[in-house]
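S.K.: what's the 3D shape of this:
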Amino acid sequence: MEFKHEANALFVDEAHDWYQSNTHVTVSILQKKLAQDDVEVAIEPKKVLVRVKLDGEFVEAFNEALFDEIVPDESVYKVLGSKVELKLKKKGSGMHWDKLEEVVYQSGAQVVTGPAAVFEAKPESVPRPYASSRDWNQIEKVIGEELEAEKPEGEEAMQKLFRDIYAKADENTRKAMNKSFQTSGGTVLSTNWKEVAEKDYEKERTAPNGMEWKKWG
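M.R.: Numbering: from 1, shown residues only. Take a look at the predicted model:
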């Protein structure tokens, strides 16, 4: 092992491995010939610090923020002949850790850490067959908003109203609308089937001024 002196603190070169189960993460700090009193361990919900005594002085062997939270009270460690082994209890049982250390993802001014950072991704724009500096997604959005803002007027608005009523009507209402409109020559539109069923609009309808109804044939 080599030692580095930085800012009045000694660090041992990183030498550790780890594995996980559904409930625990096990970390091994590789260092031989350590006694129980030669090891200091501090376990927090999102961080673990391990210091070992070498040549009479404690140095940091592991000091990392973790990928996800753990339960300190249910996490333990033991000093073996060739390593210090930590068994850390996952707070979220069944959570798969992609890494041992915390993952950091920065998007603009926002910093996301932990498991959420793994899934953080910027929405992709819809690919276009030809390169262009125009933002077609934005253009489509603007066009859609303009179409929604357009309102039909006059006869078009009336026809739209009739179509909407017909689309939402039950069978009797539709029969009433069809019969009244067709047999009256387009002069009457009723939704009351009880009334329309008994009426003969062909006899009752009147022609516009100066004109008269005639039958073909």
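
S.K.: neighbouring strands for the helix or strand hosting residue 77, and are they parallel or not?
M.R.: Element membership for residue 77 (DSSP states H and E) is strand 76-79. Partners of strand 76-79 in the sheet, by DSSP bridges, are strand 83-89 (antiparallel).

S.K.: care to break the protein down by domain?
M.R.: 3-119, 154-202 (automatic domain parsing).

S.K.: I'd like those laid out as a markdown table, including mean neighbour count and mean pLDDT.
M.R.: No exception for glycine: its C-beta is placed from N, CA and C like everyone else's. Below are these laid out as a markdown table (neighbours: other C-beta atoms under 10 Å; pLDDT from 0 to 100):
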| stretch | mean neighbour count | mean pLDDT |
| --- | --- | --- |
| domain 3-119 | 15 | 81 |
| domain 154-202 | 13 | 79 |
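
S.K.: out of the ones you listed, which comes closest to residue 141?
M.R.: When these are compared by C-beta to C-beta, domain 3-119 sits nearest residue 141, at 21.3 Å.

S.K.: can you give me the helices in this structure?
M.R.: Ranges of helices in the chain, per DSSP state H, are 115-119, 136-149, 154-168, 171-183, 193-197, 201-204.

S.K.: rewinding a little: can I get the domains of the chain in a markdown table with distance to residue 145?
M.R.: Listed next are those as a markdown table, based on distance: least, C-beta to C-beta, whole Å:
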| stretch | distance to residue 145 |
| --- | --- |
| domain 3-119 | 26 |
| domain 154-202 | 19 |
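
S.K.: of these, which approaches residue 138 most closely?
M.R.: domain 3-119 (18.9 Å).
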